[in-house]
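> I'll drop the sequence and a predicted model, then ask my questions.
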Amino acid sequence: MSRKMSTKPSIRPILEHEIAHWLQRRAAADLKGRALACAVNARNFLVRAEKIAKDSTIVSYFCATHATEEAVAAFVSACKSSGYPEATAINLHDHKEKATVSAFAQFISGHLHDAGLSVAHESAEDALVARLHNGDAVRYYPLGLHLFTFNEDSQNETHIDAFEGFSALFGSPEDMRRQIVNRSTFRDKALYASKGGAPAMSEDILALQLQDHAFLTLGLIWAAIDVVNHRQREPFVIQVLCAINEVNAGFKSKPPGPCMDEEDKSH
C-alpha cells in the first residue's frame with residue numbers, strides 16, 4: 001500500500017484498498033472481545049473522518065485521532081488476551097499511555113518505510129506479504145511481527161535497544177515525555193476554543209493528518225490480528241511493550257510491571 005495521496009482531505013482510496021478490506025475480514029474472524037470491538041470502532045471512525053472532512057475539518061480530525069486511540073486499545077487488548085503480561089501495565093483510560101503506544105507504532109512504521117518495506121496482498125493465498133528491495137532483487141516474506149527486531153539476536157527479549165532507539169528521537173527523557181503529553185492533548189487543543197480564539201485546520205493539513213492516522217490505525221489493527229495468531233510469544237512484541245512501559249513509568253510513581261531484564265531483577 002503506497003503512502004502517496006493527494007492533498008484533498010479524503011482517505012477513501014486507503015479505506016477501499018484490498019489490504020483494508022483484508023484487515024476488516026480478518027479482524028472480524030480473528031479478534032474477540034474488547035480487541036474486536038475496538039478494531040471495529042477504529043475503522044468506523046476512519047469512515048466518519050472521511051465522510052465529514054468536507055464539512056468540518058475539526059470534527060474530521062477528531063474522528064481520525066479517536067480511530068487511532070481505538071486501534072491502540074485493540075492492539076493492547078489483543079496482547080493482554082494472548083499471553084503478554086507486559087501489556088497489563090498499559091492503562092487504556094490514560095491518554096498519555098495510549099499516546100506512547102501510537103508514537104512508538106509511528107516510530108516503527110517510519111523505520112520500515114525508510115528501509116523500503118511495503119505491504120502487498122497475495123490474492124491466491126489471501127494473505128499479506130512484506131516486500132523488500134535487496135539491490136536489484138525484490139524479496140517477499142509472509143508479513144508478521146516475527147520479521148522485526150530491535151536486537152542483533154532476534155530472540156533476545158530485552159527492551160533496552162527499543163527504548164533507546166525511541167528516546168533518541170527526542171534528545172532527553174524529559175523532552176520525550178513532554179512531547180508525548182503534547183501529543184496526548186493536541187486533539188483537545190485542536191478541537192476547543194481557548195483565549196487565542198477558535199481552532200482552525202486547513203484542508204491540506206487535514207489531508208496529511210488523515211493519511212497519517214489512517215495508516216497508523218490500520219497498522220495497529222494488523223498488529224492486533226497478528227498477535228492473536230502467534231503460536232508462541234514473539235520477542236519483538238515483548239521488546240516493544242517493555243519499552244513502552246519504561247516510557248510510561250516516567251508518568252507514574254511506581255514501577256511499570258513485569259518488564260525488568262534479568263540483570264535488573266538481581267538487584
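Yep, it's here.

> strands of the stretch 1-150 of the chain, start to end?
118-122, 127-134, 137-142 (DSSP state E, counting those that start in this stretch).

> with distance to residue 160 and mean pLDDT as extra columns, can I get these in JSON lines?
All C-beta atoms are positioned from the backbone trio N, CA, C, and that covers glycine. Shown next, in JSON lines, are the strands of the stretch 1-150 of the chain (distance: least, Cβ to Cβ, whole Å; pLDDT from 0 to 100):
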{"stretch": "strand 118-122", "distance to residue 160": "28", "mean pLDDT": "92"}
{"stretch": "strand 127-134", "distance to residue 160": "26", "mean pLDDT": "88"}
{"stretch": "strand 137-142", "distance to residue 160": "26", "mean pLDDT": "88"}
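
> among these, which comes closest to residue 83?
strand 137-142 (21.3 Å; Cβ to Cβ).

> output the strands of the stretch 1-150 of the chain as a markdown table; include the columns distance to residue 214 and mean neighbour count.
What follows is the strands of the stretch 1-150 of the chain, written out as a markdown table (distance: least, Cβ to Cβ, whole Å; neighbours: other Cβ atoms under 10 Å):
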| stretch | distance to residue 214 | mean neighbour count |
| --- | --- | --- |
| strand 118-122 | 14 | 15 |
| strand 127-134 | 16 | 15 |
| strand 137-142 | 24 | 10 |
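
> closest one to residue 79 among these?
Closest among these, once you apply Cβ to Cβ, is strand 127-134, at 19.5 Å.

> any chance of the strands of the stretch 1-150 of the chain in TSV, plus distance to residue 159?
Converted to TSV, these look like this (distance: least, Cβ to Cβ, whole Å):
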stretch	distance to residue 159
strand 118-122	25
strand 127-134	23
strand 137-142	24
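
> in this structure, where is pLDDT below threshold?
Applying pLDDT under 70 to the chain picks out residues 1-9, 189-190, 193-194, 196-199, 253-267.

> max-length helix in it?
Longest helix of the chain, by residue count under DSSP state H: helix 203-228.

> got the buried residues for it?
206-207, 209-228 (16 or more other Cβ atoms under 10 Å).

> ok, which of the strands of the stretch 1-150 of the chain comes nearest residue 164?
Ranking the strands of the stretch 1-150 of the chain by their distance to residue 164 (criterion: Cβ to Cβ) puts strand 127-134 first, at 24.6 Å.

> put the alpha carbons of that closest one into CSV.
Extracted in CSV, the C-alpha atoms of strand 127-134 (Å, rounded to 0.1, in the frame of the first residue of the first chain):
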residue,chain,number,x,y,z
ALA,A,127,-2.5,-13.2,2.8
LEU,A,128,-0.4,-10.1,3.3
VAL,A,129,3.2,-10.2,2.3
ALA,A,130,6.2,-7.9,3.1
ARG,A,131,8.1,-6.7,0.0
LEU,A,132,11.7,-5.6,0.4
HIS,A,133,14.2,-4.4,-2.2
ASN,A,134,17.7,-6.0,-1.9
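
> show me where the chain has its helices.
Under DSSP H, the chain gives helices at 12-15, 18-30, 33-52, 57-80, 95-114, 160-167, 173-191, 203-228, 235-249, 262-265.

> how about those, which one is nearest residue 138?
Taking these one by one with Cβ to Cβ, helix 95-114 is closest: 15.6 Å.

> with only the CA atoms kept, save that closest one in PDB.
Extracted in PDB, the C-alpha atoms of helix 95-114 (Å, rounded to 0.1, in the frame of the first residue of the first chain):
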ATOM      1  CA  HIS A  95      -4.400   9.300  27.100                       C
ATOM      2  CA  LYS A  96      -0.700   9.700  27.800                       C
ATOM      3  CA  GLU A  97      -0.100   6.000  27.800                       C
ATOM      4  CA  LYS A  98      -2.100   5.400  24.700                       C
ATOM      5  CA  ALA A  99      -0.200   8.300  23.000                       C
ATOM      6  CA  THR A 100       3.100   6.400  23.900                       C
ATOM      7  CA  VAL A 101       1.800   3.300  22.100                       C
ATOM      8  CA  SER A 102       0.800   5.300  19.000                       C
ATOM      9  CA  ALA A 103       4.000   7.200  19.000                       C
ATOM     10  CA  PHE A 104       6.000   4.000  19.200                       C
ATOM     11  CA  ALA A 105       4.000   2.500  16.400                       C
ATOM     12  CA  GLN A 106       4.700   5.600  14.300                       C
ATOM     13  CA  PHE A 107       8.400   5.300  15.100                       C
ATOM     14  CA  ILE A 108       8.500   1.700  14.000                       C
ATOM     15  CA  SER A 109       6.500   2.400  10.800                       C
ATOM     16  CA  GLY A 110       8.900   5.200   9.900                       C
ATOM     17  CA  HIS A 111      11.900   2.900  10.200                       C
ATOM     18  CA  LEU A 112      10.200   0.300   8.000                       C
ATOM     19  CA  HIS A 113       9.200   2.900   5.400                       C
ATOM     20  CA  ASP A 114      12.800   4.200   5.300                       C
END
